[in-house]
Every structure is written in structure tokens, then in C-alpha cells.
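S.K.: sequence and computational prediction follow.
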Amino acid sequence: MVKQEKKKTGYDKYIDWKIFSIPVVLLFALLLMPTPYGMKDVGTEYRIGPKEVVNHITRELFGTGRTDAQQWQLLAAQMMEQNMSMGALSRDRYLKRDLKWAKSYKINADQANFDKARTFIDTQVSDDQFLQLMQNALALRKEGLKYENLSDKDKKDADTGAWHIQVTAAMIVFVVLCFLTECIPLPSVAFCMGLILVATGIYSRKEVAMLYWDDAVWFIMGSLMFAAAFVKTGVDKRVCLMMFKKLAVPSVRWITLVFFIIIAPLAAFISDHALAAMFLPIGMLLYQNSLTKEIPEDPELAKMLMISIAMACNIGGPGAPSGGARNVIMMTYLNDMFGMDIGYFQWMTYCFPLVFISIPITWFMVNARFKPKISSLAPAMHQLEQEIGKMGPWNRQQIGALIIFLVMLFGWLTEKTFFDMGILPVRLGIGVIALAGAVAYLFAGITNWRDYQERVDWGVVWLYAGAIIFGRTLDGTGTAYWLARSFLEALQPLGIDSGLPLLASASGLTAIITNLMADGPAAAAVGPVTLNMAGLAHPGTTYVPFMAMVTAISSSFAYCLIIGTPPNAIVYASGYLGPKDFLRVGLPMWVISQVLLLALVGLYWVFRGFSGLPVF
């Protein structure tokens, strides 16, 4: 291994004003243009709809408006409105909600009023009455409210909602262009997002500050810290040698294949965040040990190893419900909206074949798109053996680093389960556990703060903080819903309103939006739209659960942008990748994945059927 000189990265660049002027001009042009009616319509639905629905429900059930309703009556109406927004229109779904559910959606409730509300719906409202009331309320929100018919006060509120959508749409153009052109250092894009959102009034400075420190950001920070501890102690070298020493020919091709074979199936059961953080130091170590005096630098090899880790994490998520929040969200929507259940193992039998098919195809694409000078990593393996030989047996720091990591991994896998079981009094979250592990390394004397300061890419931490703000804004303002509705409405005149063409449209739409925001919020925003269209196109058939699974799977196709998924951001922290490197593999795989998914539906799912439902 040769010692590398510090190379220049995107962080060393200054602003390219000629290119940067383009996204800036487009941002202001989109902000100054007249607000389209479609945005005003969605603004009306998002800002005025909830209170009008609650008012409609209280009048129908209790003969009084929401302002005069008793607290338990208002609670019943608010819970019904929240169920309606999730597509859960049946009385049975309402009765299964508990106080914890209400509070999770910020519905002000106490046990006494909750019990009164539940008892009333249980004893005084029949299933048919409940369903009719919910359907009428849904029609009111989506079709009955017209912007031009609103009062001046409500128009002003709807205009605010429309303005928020317009700002977010303009910000999408600004952010995507900045990422693709790298006209400014990428972490500064995250700060630009915060400045735009505060300056335009979408969030207050306190709200933006809170969003910058989301649990997912804590996880990115903590995971990069524990990676630094692995590198310092040499644990990464021992793990790397254990993984690859049995290879008869440790070529680059075989090692990247091992990455895919190990990481992708695991990503269906273990957080892709964790897997990317675990394998990042291994990928970096392989690259650094492969360099020689003859080849002191091989950027293509570094990019190939890093992209392999990220892509392996991304393609594995759809395999099982535990592979990501998107899967559980769509399973919940399917149950809430249509009363259909998909079991854990049942999901795997439908979706895991796509993971197995994607592994060789993605591996081939990575090897086709990157052409490293170094083809054999045998010297790197030999170098590792020598270095580990000099280390001797496992020492105290290495054992301590590994134990802390295993405890941290156990916490990631169990914290939600333990909280649901009542073993943990509070939900810790994977971010808190990651930071607790980083602090544990300090307390154990394995690392000091200088290690974290020098070895952690703090720019990536801020970059992903910006990604969280971006996604939350798309979701919270209704912009993702506006994009989904506008896209599908534009397709209706083309006759793409049923069958595989509609599935393809829904998949493409979800896959576009998921590259702009986290997969869970993307599925949450698009899911109700695609499932409603499925229910209208082929009601009561296998098409409906198939649409749920297609939406969940396509929300994992975040291959193209750094902000699309945590594994992309984590491998970007290596310093070896630029934004355009993700497109080299991500763009063709985005297209190929769409084709593979539709082929899976048409050649396997359709013939297998679903729980005795008629085929579409």
C-alpha cells in the first residue's frame, strides 16, 4: 500500500457563479410566477379540508359545529378525519385505534374522552352509517371544496398552502440542479434549503433547527463515528480478511459480487443505514490496500467499491416487510383502505425473487460502468495479512470496539420491538443508539474527540440533514401529493388508467419522488393515490394488493441522487464519489428495475394470484 496524498474533492471548490446563476434564476422565476390553480386546489384540500371535514362530521353525528362540540365529540370527529386521510373508511378500523395512536397523530386526547368517543361510535353508529359518513366527508374534501367558493379568511389560508407548494416546487428545481452540476459545495445546499424555507415563511427558524437534527441525521453522524473507531482500532481489517480470504481469486469482480450476495439479502432484515455504515470502512480499506507504486491512485476502483455497497443496500430492502418503513406503510394502507392483509412470509414469497434477480444484474451493471486499472485485490489481501500479523491477537481495544458495535446493532434491531412490548419506557430510535455507541467509544478510551473530528465527514452529516428537511417539506406541504396527482391526471387522457400501464405509471412516479425524499414519506405520500386508482380500475381483484407492493418496491429505487437514501449519503462520505457517479449506475438501474418489477408482476404475480381474489 502506498501513502495517498490528500486529494481535492468537491469541498475544495469555490462557487461557479456562471452555472450557479441558472438554478438561482429558475428559483426566483418559479417563485414570482402566478400560482397555478392546481396548487391552490391542493392548498385548499390540505389547509381547509381537515377542519371542514371535522365540522361536517360533528354536524352529522352530533348536530353541532366543531367549535361548539364537546371535547369527546371533537375527538371522535378528529380521529375519523385522520382515518379518512389514511384511506381507512371502515368502522372496524376506527374501533381498533387506541389512545397511543391518537397521540401519535397529535390529536389532543385523554383516556376518559377517548373512551366516550369510542363507546359512542361502537354503540350508536352502524357500519353502514359510518362508511356512508366517511365517504361523504372524503367527497367533500376532494371534490366539494372549491377555492373560488371559500370565504376571504379561508382563501387566505388556502393561498398560504398553495404558496408553500410553489416554494417547494421551485426548491426542487434549485436543489436538483445544484446536485447535478456541483456548482456550489454540496453541504451548502443543505443550508440554502433552510434559508429558503425560513425566508419564504414555510418554517420558523426554530422549526428548521429542529429538522436539521432529526433522528436519521443522528444515525448518519453516529454511524460515521463508529466507522472511525473501526478504522482506528483495525477491526475493519480483521473483518475484511475474514470475509474475503477464502476467495481463490480475489479479483475486483468477485469481491463486488460478495458485497452484493452478503449485503442485499441482509438489507431485507437489517437497516440499510447500518449495513452501509458497517461495510463503508471495509470498502475504503480494500481500496487503500490495493494501491501500489505503479498505480498510486485508481478512482474508478474506489467508485466501484463504494457504489457496490450503496446499490446492494438499496436493492435488498423490498425483500421483506422489515426491509424499510415503506413496506410496512403500504401494508398498513392496504389493510386500512381495503381490509386486505399481507403476511410477513407472504410478502417475502412475492418480493424476494426481485432481490435475487437484481443481484446479478446490478453487479453486472456496476462492473460494466466502472473500469478500474486494478483488476486483482490479491496484493491487498496479502497486505492485510501482513498488517494483521503485526497486530498479533485481538487486543483489548479491538474487542471493546467490536462488543460496543454488537450491542449497538442489537439495539437497532430490537428497540422498536422492546418499546412496543413495554420493556423500554421510551422509543430510543436508531439515531440515539448510534450516538450512544459513539459516546461509549469515548468512555472506553477507544477513541478521542480528535479521531471523530478528523475521520468523520461532517459535510455529509449536514448534507443528509438537508435531505431530511427537503423530504419533510415535500410531504408536509402537500407538494409530493400535488406531484403525484398532477402526474397521474396528465396520464388519464392517454388511456393509461388500468392494468400494467397504470402499474408502470405508479411505479415510475413513486421512483421519481423517492429520489427526492426518504422512501417512507414517499410511499406515504404516493400510496393513497395509487391505491385509490387501483381500487377504481380493478376493484376487489389481485390488482389492489399488487399495487401496494409495487408502490413499496418502487419507493426503494432511490439510485440516482445522494439525498435519495441513507446508504448513498454514507458511501459519499468516503470522499471518492461525486454526484454524477451515482447516475452512472443509478440511471440505467432505475430503468431496468422498473422493467424487472413489471415483468415480475406479469410473469409471476399474475399467475400466482393473491389469497383467492379474482385476477385483474
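M.R.: Alright, I've got the coordinates.
S.K.: which stretches of the stretch 101-250 of the chain form helices?
M.R.: 111-124, 127-139, 152-181, 186-199, 205-212, 215-233, 235-244 (DSSP state H, counting those that start in this stretch).
S.K.: swap in the stretch 401-550 of the chain?
M.R.: Shown for the stretch 401-550 of the chain, the helices assigned by DSSP H, counting those that start in this stretch span residues 430-443, 449-455, 458-476, 479-491, 499-513, 519-537, 543-554.
S.K.: just to revisit the earlier point, next, format the helices of the stretch 101-250 of the chain as a markdown table and append mean neighbour count, mean pLDDT and distance to M330.
M.R.: (Glycine included, C-beta is placed from N, CA and C.) Output for those, formatted as a markdown table (neighbours: other C-beta atoms under 10 Å; pLDDT from 0 to 100; distance: least, C-beta to C-beta, whole Å):
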| stretch | mean neighbour count | mean pLDDT | distance to M330 |
| --- | --- | --- | --- |
| helix 111-124 | 14 | 93 | 27 |
| helix 127-139 | 16 | 92 | 20 |
| helix 152-181 | 19 | 92 | 24 |
| helix 186-199 | 19 | 90 | 28 |
| helix 205-212 | 15 | 86 | 25 |
| helix 215-233 | 24 | 83 | 20 |
| helix 235-244 | 19 | 79 | 34 |
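S.K.: in a helix, R97, correct?
M.R.: No: judged by DSSP: H, G, I helix; E, B strand; the rest coil, R97 forms no part of a helix; its state is coil.
S.K.: give me every residue that touches V366.
M.R.: V366 is in contact with 256, 304, 307-308, 311, 585, counting by C-beta atoms under 8 Å, 6 or more residues apart in numbering.
S.K.: just N289 next, same as before
M.R.: Contacts of N289 (C-beta under 8 Å, 6+ apart): 1, 377, 379-380, 383-384.
S.K.: for M86, state which of the residues you listed is nearest.
M.R.: L377 (49.8 Å; C-beta to C-beta).
S.K.: not counting sequence-adjacent ones, nearest residue to the closest one?
M.R.: When the adjacent residues along the chain are set aside, L377 lies closest to P250, with 4.7 Å between them (C-beta to C-beta, 6 or more residues apart in numbering).
S.K.: I figured that neighbour hits P379, correct?
M.R.: No: contact between P250 and P379 fails when scored by C-beta atoms under 8 Å: they sit 9.2 Å apart.
S.K.: quick one, which of those two is more surrounded?
M.R.: It is P250, of P250 and P379, that has more neighbours when counted by other C-beta atoms under 10 Å, with 20 against 15.
S.K.: mind listing which of the contacts of N289 are in helices?
M.R.: 379-380, 383-384 (DSSP state H).
S.K.: about what we covered before: contacts only, for the residue nearest to L377.
M.R.: By C-beta under 8 Å, 6+ apart, the neighbours of P250 are 244, 376-378, 380-381.
S.K.: same thing but 10 Å
M.R.: Neighbouring residues of P250 by C-beta atoms under 10 Å, 6 or more residues apart in numbering: 244, 258, 286, 290, 376-382.
S.K.: state the helix or strand in which I295 lies.
M.R.: In the assignment (DSSP states H and E), I295 maps to no helix and no strand.
S.K.: my guess is it contacts I374, does it?
M.R.: Yes: counting by C-beta atoms under 10 Å, I295 touches I374, with 5.9 Å between them.
S.K.: more crowded one of the two?
M.R.: Taking other C-beta under 10 Å, I295 and I374 do not tie; I374 has more neighbours (19 against 13).
S.K.: that's a helix at the more buried one, yeah?
M.R.: No: secondary structure assignment (three-state DSSP) places I374 in coil, not in a helix.
S.K.: and for P250 and P379, which residues touch both?
M.R.: With C-beta under 10 Å, 6+ apart as the test, P250 and P379 both reach S290.
S.K.: I'd like to know how far K232 sits from G445.
M.R.: Distance of K232 to G445, computed by C-beta to C-beta, to the nearest Å: 12 Å.
S.K.: repeat for A511
M.R.: Between A511 and G445 the distance is 46 Å, computed by C-beta to C-beta.
S.K.: then S104?
M.R.: Per C-beta to C-beta, S104 is found 40 Å from G445.
S.K.: low-scoring stretches of the stretch 251-400 of the chain, by residue?
M.R.: Of all residues in the stretch 251-400 of the chain, none has pLDDT under 70.
S.K.: hang on, the earlier thing: give the intersection of the neighbour lists for I295 and I374.
M.R.: Listed contacts common to I295 and I374 are L301; contacts here mean C-beta under 10 Å, 6+ apart.
S.K.: list the contacts of K51.
M.R.: 66-67, 78, 81, 154, 157.
S.K.: now the residues you listed in JSON lines, with distance to G339?
M.R.: Converted to JSON lines, these look like this (distance: C-beta to C-beta, whole Å):
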{"residue": "R66", "distance to G339": "29"}
{"residue": "T67", "distance to G339": "34"}
{"residue": "Q78", "distance to G339": "23"}
{"residue": "E81", "distance to G339": "20"}
{"residue": "D154", "distance to G339": "35"}
{"residue": "D157", "distance to G339": "35"}
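S.K.: what is the nearest of the contacts of V366 to Q397?
M.R.: Nearest to Q397 out of the contacts of V366 is S308 (C-beta to C-beta; 29.2 Å).
S.K.: tell me the phi and psi of the closest one?
M.R.: Torsion angles at S308 (phi, psi; degrees, to the nearest 10) stand at phi -60, psi -40.
S.K.: and it, how many neighbours does it have?
M.R.: When neighbours are counted by other C-beta under 10 Å, S308 registers 27.
S.K.: count of neighbours near the closest residue in space to I295 that isn't next to it in sequence?
M.R.: Excluding the flanking residues, the one nearest I295 by C-beta to C-beta, 6+ apart is K373, at 5.3 Å. Close neighbours of K373, defined as other C-beta under 10 Å, add up to 12.
S.K.: next: T417.
M.R.: 10.
S.K.: also N149?
M.R.: 10.
S.K.: residues touching I423, list them.
M.R.: Contacts for I423 were tallied using C-beta under 10 Å, 6+ apart; they are 414-415, 417.
S.K.: just the pLDDT at it, thanks.
M.R.: In this model, I423 is scored at 84, pLDDT.
S.K.: begin at 385, not 1, for the rest of this chat.
M.R.: Sure, I'll start numbering at 385, so the last one becomes I807.
S.K.: separation between S607 and V985?
M.R.: S607 is 35 Å from V985, where distance means C-beta to C-beta.
S.K.: ok, now N497?
M.R.: Distance, N497 to V985, using C-beta to C-beta: 46 Å.
S.K.: now swap in L570 and tell me
M.R.: Taking C-beta to C-beta, one finds L570 at 37 Å from V985.
S.K.: what do you get for L581?
M.R.: For L581 relative to V985 (C-beta to C-beta), the value is 39 Å.
S.K.: also I654?
M.R.: I654 is 27 Å from V985, by C-beta to C-beta.
S.K.: who's more crowded, those two?
M.R.: V985 (22 against 19).
S.K.: look at the more buried one and report its pLDDT.
M.R.: Reported pLDDT for V985: 95.
S.K.: check contacts around it.
M.R.: Contacts for V985 (C-beta under 10 Å, 6+ apart) come out as 734, 884, 887-888, 891, 926-927, 930-931, 933-934, 937.
S.K.: can you name the two of the residues you listed that are farthest apart?
M.R.: Across those (C-beta to C-beta), the longest gap, 17.7 Å, separates Y734 and A888.
S.K.: using JSON lines, lay out the helices of the stretch 785-934 of the chain together with distance to E527 and mean neighbour count.
M.R.: As requested, the helices of the stretch 785-934 of the chain are exported to JSON lines (distance: least, C-beta to C-beta, whole Å; neighbours: other C-beta atoms under 10 Å):
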{"stretch": "helix 814-827", "distance to E527": "41", "mean neighbour count": "20"}
{"stretch": "helix 833-839", "distance to E527": "55", "mean neighbour count": "12"}
{"stretch": "helix 842-860", "distance to E527": "23", "mean neighbour count": "23"}
{"stretch": "helix 863-875", "distance to E527": "13", "mean neighbour count": "20"}
{"stretch": "helix 883-897", "distance to E527": "21", "mean neighbour count": "22"}
{"stretch": "helix 903-921", "distance to E527": "13", "mean neighbour count": "23"}
{"stretch": "helix 927-938", "distance to E527": "22", "mean neighbour count": "27"}
